[in-house]
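Novice: Pasting a predicted model and its sequence here:
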Amino acid sequence: MEYEKIIHTIVDPFLINPEAIMVRELPSDNPKDVRLLICAENEDTARLIGKKGMVASALRELISVAGKNENKHIHLSFESFDEEK
């Protein structure tokens, strides 16, 4: 399943700069685990995490439902980066 596309479909509409978001799959020791890293600019990362982590929790719940179809456990991590000017 293309988890990166699913994440883009969910989060792009409410980001300030959706073109700058980067979703990458990280290596995992367990074949049933899928680790995804979501990188965005500072303001967008704050939007993705939300107050008290509520948005991040909702994203994790949504993507875990998609993973259950393939018997996979999805892990999401968030990082921010600044555009160099």
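Specialist: Sure thing, it's come through.
Novice: contacts, neighbours, all on C-alpha from now
Specialist: OK.
Novice: any chance you could map the helices in this structure?
Specialist: Listed in chain order, the helices of the chain (DSSP state H) span 3-11, 42-49, 54-68.
Novice: and Asp29, how far is that from Met22?
Specialist: Between Asp29 and Met22 the computed distance is 22 Å (CA to CA, to the nearest Å).
Novice: quick one, which of those two is more surrounded?
Specialist: Met22 (15 against 7; other CA atoms under 10 Å).
Novice: Excluding residues flanking it in the chain, which one is nearest the more buried one?
Specialist: Among residues not flanking Met22 along the chain, Cys39 sits closest, at 5.1 Å (CA to CA, 6 or more residues apart in numbering).
Novice: what is that neighbour paired to in the beta sheet?
Specialist: Counting by DSSP bridges, Cys39 forms beta bridges with Met22, Glu79.
Novice: State the pLDDT value of the residue nearest to the spatial centre of the chain.
Specialist: By CA atoms, centre = their mean, the chain has its centre lying nearest to Ile38, at 4.4 Å. Among the per-residue scores, Ile38 holds a pLDDT of 95.
Novice: ditto for Ala66
Specialist: pLDDT recorded at Ala66 is 89.
Novice: That one - how many residues pack around it?
Specialist: For Ala66, the neighbour count with other CA under 10 Å is 17.
Novice: Contacts only, for it.
Specialist: Tyr3 (CA atoms under 8 Å, 6 or more residues apart in numbering).
Novice: Buried residues in stretch 20-28, which are they?
Specialist: For stretch 20-28, the neighbour count (16 or more other CA atoms under 10 Å) marks 21, 23 as buried.
Novice: mean confidence for that stretch?
Specialist: On average, stretch 20-28 scores 93.
Novice: Next, the distance between the ends of it.
Specialist: End-to-end distance for stretch 20-28: 25 Å, by CA to CA.
Novice: Show residues contacting it.
Specialist: By CA under 8 Å, 6+ apart, stretch 20-28 touches 4, 7, 34-41.
Novice: same thing with stretch 33-53?
Specialist: Contacts of stretch 33-53 (CA under 8 Å, 6+ apart): 11, 15-17, 20-28, 55-57, 72-83.
Novice: buried set for that stretch?
Specialist: For stretch 33-53, by 16+ other CA under 10 Å, it's 34, 36-41, 44-49.
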